[in-house]
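S.K.: take a look and give me a structure for this.
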Amino acid sequence: MDTPDESTDLVRWLAEPDLQRPTIICAFSGWNDAGDAASQSAQTMIEHWNAMPIGELDPELFTDFATIRPHVRLDDEQHRRIVWPTAGVWSASLPGTDVIIVLGPEPSLRWRLYTDQIIGIAEKFGATMAITMGALLADVPHTRPAQLLITSSDPGLTERYSLEPSTYEGPTGIVGVLSTAFGNAGIPCVSLWAAVPNYANALPSPPATLALLERACQLVGSPRPTSSLSGQVGEYVASVDALVESNDLEDYVARLEDALGESPAEPDPSELVEEVERFLRDHDGDS
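M.R.: Here you go, the predicted structure:
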């Protein structure tokens, strides 16, 4: 079997809509997705914007199926089928803007070829901006609004949106690789990272999901989709409160609250940068 080169199109196209200067939004489950925040944000966009599936990326070359396993499903007639961990591509036309959404598991293999496929999708439809979304575990309390780090290496976007320039050096995930690849391809890219409390790492985080969703929608110029996520925030806080109490973490959470001071809604960007860098370095080598 021949090995595909960088020019090979491995996307199975389902439709080819006429999009005008779309923004491409990318999120991946796995290492970059603490609290399922990034993947759930993208999924919410897909559902509430009635996004149309336009393609899917063949997982065979990019996935270690012993790590990211396919699932067995039964249809209405109890026939078995295998659902493979495929990255999907959707599009939606919103008032004043078009978007492309890429959502799937972080690839295990051949990242350069995988990244070429995503860049090819953006170039195929003439994308003028890219947004990557991720979430990390950090020393933040669940009792305060979810903190968001927004960076870009593009001078125009940095100035336009008053963003933090990206100066990180060290290990990275597919989000970091893809953000750099967009820039190299001449597609300005914004990277969004939501902070999730490290002591609640096993719980999906609606606050972090909402923070990503709201900022991404601001960047594309579209209102945030209404969803049930807002109603889930109270349940999340109550669940984490119970977890904190059962594990005697009250003093730890209080120290985190004190560290934020009196303006928790306006975190120091440099502190979030340090959290992201520490997360990436501490998880170097993790699957």
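S.K.: C-alpha only now, for contacts and for neighbours.
M.R.: Fine.
S.K.: in the chain, what secondary structure element scores lowest on mean pLDDT?
M.R.: The helix or strand of the chain with the poorest confidence is helix 269-282; it has a mean of 57 (mean pLDDT, DSSP states H and E).
S.K.: may I ask which helix or strand encompasses Leu213?
M.R.: helix 206-220 (DSSP states H and E).
S.K.: and that helix, what does it pack against?
M.R.: On a contact count with 3 or more Cα pairs under 8 Å, 6 or more residues apart in numbering; DSSP states H and E, helix 206-220 meets helix 37-48, strand 129-138, strand 189-197, helix 229-246.
S.K.: give me the buried positions along it.
M.R.: 206-216, 220 (16 or more other Cα atoms under 10 Å).
S.K.: ditto for stretch 124-134
M.R.: 125-134.
S.K.: can you give me how far it is from the chain middle?
M.R.: 13 Å (Cα atoms, centre = their mean, to the nearest Å).
S.K.: one more: stretch 143-162?
M.R.: 15 Å.
S.K.: now do the end-to-end distance for it.
M.R.: For stretch 143-162, the first-to-last residue distance is 27 Å (Cα to Cα, to the nearest Å).
S.K.: what mean pLDDT does it have?
M.R.: Averaged over stretch 143-162, pLDDT sits at 88.
S.K.: helix/strand/coil for Ala27?
M.R.: For Ala27, the assignment made with DSSP: H, G, I helix; E, B strand; the rest coil gives strand.
S.K.: go ahead and confirm it touches Ala38.
M.R.: Yes. Judged on Cα atoms under 8 Å, Ala27 makes contact with Ala38 at a distance of 5.7 Å.
S.K.: could you tell me which residues touch both of the two?
M.R.: 133-134 (Cα atoms under 8 Å, 6 or more residues apart in numbering).
S.K.: between these two, point out the one with more neighbours.
M.R.: Between Ala27 and Ala38, Ala38 has the larger neighbour count (other Cα atoms under 10 Å), namely 33 against 28.
S.K.: what's the distance between that one and Ile68?
M.R.: Using Cα to Cα, Ala38 is found at 18 Å from Ile68.
S.K.: and Ala200, by the same measure?
M.R.: 23 Å.
S.K.: ok, these two, which is more surrounded?
M.R.: Ranked by neighbour count (other Cα under 10 Å), Ala200 and Ile68 place Ala200 first, with 20 against 16.
S.K.: the more buried one and Pro141: what is the separation?
M.R.: Taken as Cα to Cα, the span from Ala200 to Pro141 is 10 Å.
S.K.: what do you get for Thr128?
M.R.: Counting by Cα to Cα - Thr128 and Pro141 are separated by 36 Å.
S.K.: ok, now Asp33?
M.R.: Taking Cα to Cα, one finds Asp33 at 18 Å from Pro141.
S.K.: repeat that for Ala208.
M.R.: Ala208 is 12 Å from Pro141, by Cα to Cα.
S.K.: repeat for Ala27
M.R.: Using Cα to Cα, we find Ala27 at a distance of 24 Å from Pro141.
S.K.: same deal with Arg110?
M.R.: 37 Å.
S.K.: so the two - more neighbours on which side?
M.R.: Taking other Cα under 10 Å, Arg110 and Pro141 do not tie; Pro141 has more neighbours (26 against 11).
S.K.: beta partners for Val102?
M.R.: Beta bridges link Val102 to Cys26, Val89, judged by DSSP bridges.
S.K.: so it makes contact with Thr115?
M.R.: No. At 11.8 Å, Val102 does not count as touching Thr115 under the criterion of Cα under 8 Å.
S.K.: neighbour count for those two, which is higher?
M.R.: Val102 (26 against 21).
S.K.: give the contact list for that one.
M.R.: Going by Cα under 8 Å, 6+ apart, Val102 touches 24-27, 42, 87-90.
S.K.: Leu229: which of those residues is nearest?
M.R.: Ala42 (12.8 Å; Cα to Cα).
S.K.: please report the distance of the closest one from Thr132.
M.R.: Distance from Ala42 to Thr132, by Cα to Cα: 10 Å.
S.K.: can you list residues touching both of these two?
M.R.: Common contacts of Ala42 and Thr132 (Cα under 8 Å, 6+ apart): 25-27.
S.K.: Leu149 - nearest residue in space that isn't next to it in sequence?
M.R.: Closest residue to Leu149 apart from its sequence neighbours, by Cα to Cα, 6 or more residues apart in numbering: Trp193 at 5.1 Å.
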